[in-house]
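# Sequence plus predicted model, see below.
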Amino acid sequence: VEGVDPIVDIVAIHGLNGHREETWTAGNKVNWLRDANMLPNIIPNARIMSWGYDANTHSTKELSAMYLYDHAQKLVSDLSLHRRSDKTNTRPIVFVAHSLGGIVLKSV
């Protein structure tokens, strides 16, 4: 969600076995990061993003082989590229991290 004249970026990072959209979506299909009546309504001057990574540990198909540091490096790289490309790299960032997402963030 881009927000109205954003002055801050909010970046949500899911946790273990989470998903960048589904983690923040309730059973009634309302994503509190994106729904116009939720966070965007409370903080209209924020750009709200969710960042996803492979945190799957319960799959019979494929498990993540990346280390925490690798995820942290990817987070920094992804955010840096995105913020440089739209010239918002000096805007403050607020992180919302759940579970393993907090550990990935702390590894930055």
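Alright, I've got the coordinates. Numbers count the residues shown, from 1 in each chain.
# Tell me which helix or strand N41 sits in.
In this assignment (DSSP states H and E), N41 forms part of helix 39-42.
# Report all helices and strands that that helix contacts.
Here helix 39-42 is seen to pack against strand 46-51 when contacts are counted using 3 or more C-beta pairs under 8 Å, 6 or more residues apart in numbering; DSSP states H and E. Heads up, the C-betas are built off the backbone N, CA and C, glycines and all.
# Quick check: next helix or strand after the strand it packs on?
Along the chain past strand 46-51, the next helix or strand (assigned with DSSP H and E) turns out to be helix 68-85.
# pLDDT of that following helix, averaged?
When pLDDT is averaged along helix 68-85, the result is 94.
# for the helix or strand that that helix is followed by, packing partners?
Sequence-wise, the next helix or strand beyond helix 68-85 is strand 93-97, with elements assigned using DSSP H and E. Applying 3+ C-beta pairs under 8 Å, 6+ apart, we find strand 93-97 packed against strand 8-13, helix 100-106.
# Now do the helix holding N41: distance to the chain's middle.
Between the centre of helix 39-42 and the centre of its host chain there is 16 Å, according to C-alpha atoms, centre = their mean, to the nearest Å.
# averaged over its residues, what pLDDT does it have?
Averaging the model's pLDDT scores along helix 39-42 yields 97.
# and what of stretch 45-55?
The predicted model gives stretch 45-55 an average pLDDT of 94.
# and what of stretch 22-29?
Across stretch 22-29, the per-residue pLDDT values average to 97.
# Would you mark the buried spots in it?
Of the residues in stretch 22-29, those buried by neighbour count under the rule 16 or more other C-beta atoms under 10 Å are T23, W24.
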